[in-house]
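> generate a structure from the sequence data that follows.
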Amino acid sequence: MAQDKKSGSALGERLRENGMLLALVAIVALFSILLGLQGKTFLQPQNITNIFLQNGHVIILALGMLLVIVAGHIDLSVGSVAAFTGAVAAYLTVKVGLPFYIVIPATLIVGGCIGAVQGYWVAFWRIPSFIVTLAGMMVFRGATMWMLGGQNIGPFPKEFQAISSGFLPDLTGIGQPHGLTVLLVVLAIGAQFWLGFRARARDAEFGIEPEPMALFMGRTVLIAAATGFVGYQLAFLKGLPNVLVVLIVLTVLYAFFTENTTMGRRIYAVGGNEKAAKLSGINSDRLVFACFVNMGVLASLAGMMVTARLNSATPKAGTGFELDAIASVFIGGASMTGGSGKIVGVVIGALIMGVMNMGMSIMGIGIDYQQMIKGLVLLAAVIFDVYNKAK
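Numbering: from 1, shown residues only. Purely as a prediction, here's the structure:
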């Protein structure tokens, strides 16, 4: 009886995190059943690959947006910045003829400078981020049209296209299934269990009561099973897409940064209570500035990915990206008032949006209904956050 009460309490404390994971599984299961009734297969290798290819930019933007929102701000300009930096990359590649290994870092620097300009006004002049980034959204949308001259620029060399459409080569030489993919998936599953048990041991060492073993094992096995299934499907297609590799690396790095570094913890402290953080000796202005610089760099990376996938820079690129990124952050469990939210939750939130988009598209649901459904899902996530705080 006591153990059941303990498990229920632990589940309640982690309701948002575990709830989003279960919601993703439920949505995937729902579309699998509905499409199965229509004689279609939802979880086939090509669809799984397309989920990452078509939503990789959203996950990248959401990673940066989480830090901005955790710090207590917002960035409405990321879609326009992604479009502008994509246009910059296209101009440097097609018009100037620079190689991709120069274009990529140069474009990232441009994005960082844009983030620095916006972050300067927000952090040091105390101008509301909503106003600064709203202005940035209009400025860089216009700058994109100016740079492209109202026309598309493309196509690109295969090396640049590989940013978004390429796959890891099979260094093992096995062929089918993709040997390197199988090896990496096995290592990833092993790492999940190792890191999970290591975290439990660390909590016990510091006197922190760990979550019940049943809850821990259930979640870990579920994630490991999903990892194995996705890896198995991709291994029989072309292997791991370059986009997925980039997403995994960024997710691991940002998760480590937010949970295991002093700077990461200070960003959460600033968003939770800026006055208390300043009294503790934290330079909140520099942290906010750094969050916007980081957002600019990630927006430029997302812009290059979209441009490479479309094989063309277009004046209308990036439209609505900021809404998808913000929705992914809130659906993934971040608080509207700042100070809370996890990288893994953001990734799950973005995947929920991507799975919904693909599932509804395959079912033939119109874009009008898709927008309404996604809006209701976002509203439900925010209401859930407000309810938890009030409770």
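> what stretches of this protein score poorly on pLDDT?
1-18, 385, 388-391 (pLDDT under 70).
> immediately after whichever strand or helix holds residue 356, which helix or strand?
Using DSSP states H and E, residue 356 falls within helix 343-362. Once helix 343-362 ends, the next helix or strand along the chain (criterion: DSSP H and E) is helix 367-390.
> and that next one, what does it pack onto?
helix 15-37, helix 321-331, helix 343-362 (3 or more C-beta pairs under 8 Å, 6 or more residues apart in numbering; DSSP states H and E). Quick note: C-beta positions are derived from backbone N, CA and C, even for glycine.
> what's the angle between that helix and helix 15-37?
Put simply, helix 367-390 runs at 150 degrees to helix 15-37, going by axes from the mean of the first three to the mean of the last three C-alpha atoms, to 10 degrees.
> how far off centre is helix 367-390?
The chain centre lies 18 Å from the centre of helix 367-390; the measure is C-alpha atoms, centre = their mean, to the nearest Å.
> would you indicate which residues of it are buried?
370, 374, 377-378, 381, 384-385 (16 or more other C-beta atoms under 10 Å).
> next: stretch 343-363.
343-360, 362.
> again, but for stretch 233-246
Buried, per 16+ other C-beta under 10 Å, within stretch 233-246: 233-235, 237-246.
> same thing with stretch 267-274?
Neighbour-count burial for stretch 267-274, counted by 16+ other C-beta under 10 Å, picks out 267-272, 274.
> nearest to residue 306 among these?
Closest approach to residue 306 among the buried residues of stretch 267-274 (C-beta to C-beta): residue 267, at 27.0 Å.
> so what secondary structure elements neighbour whatever helix or strand that closest one lives in?
Assigned by DSSP H and E, residue 267 falls within helix 262-272. Counting contacts by 3+ C-beta pairs under 8 Å, 6+ apart, helix 262-272 packs against helix 45-70, helix 242-260, helix 274-279, helix 284-310.
> do you know which of those helices lies nearest residue 115?
If we rank those by C-beta to C-beta, the stretch that ends up nearest is helix 284-310, at 2.3 Å.
> distance between that closest one and the chain's centre?
Here helix 284-310 is found 12 Å from its chain centre; the criterion is C-alpha atoms, centre = their mean.
> next, give phi and psi for residue 153.
Main-chain dihedrals, residue 153, degrees, to the nearest 10: phi -120, psi 130.
> so what's it bridging to?
residue 313 (DSSP bridges).
> that one against residue 315, yeah?
No. Contact criterion C-beta atoms under 8 Å: residue 153 and residue 315 do not qualify, at 9.9 Å.
> just give me the residue closest to the centre of the chain.
residue 59 (2.2 Å; C-alpha atoms, centre = their mean).
> so how far is residue 262 from that one?
Between residue 59 and residue 262 the computed distance is 26 Å (C-beta to C-beta, to the nearest Å).
> before we move on, what about residue 191?
From residue 191 to residue 262 the distance is 24 Å (C-beta to C-beta).
> what do you get for residue 78?
Distance from residue 78 to residue 262, by C-beta to C-beta: 27 Å.
> compare those two (neighbour count), which wins?
residue 78 (35 against 7; other C-beta atoms under 10 Å).
> I'd say that one and residue 62 touch.
No. At 9.6 Å, residue 78 does not count as touching residue 62 under the criterion of C-beta under 8 Å.
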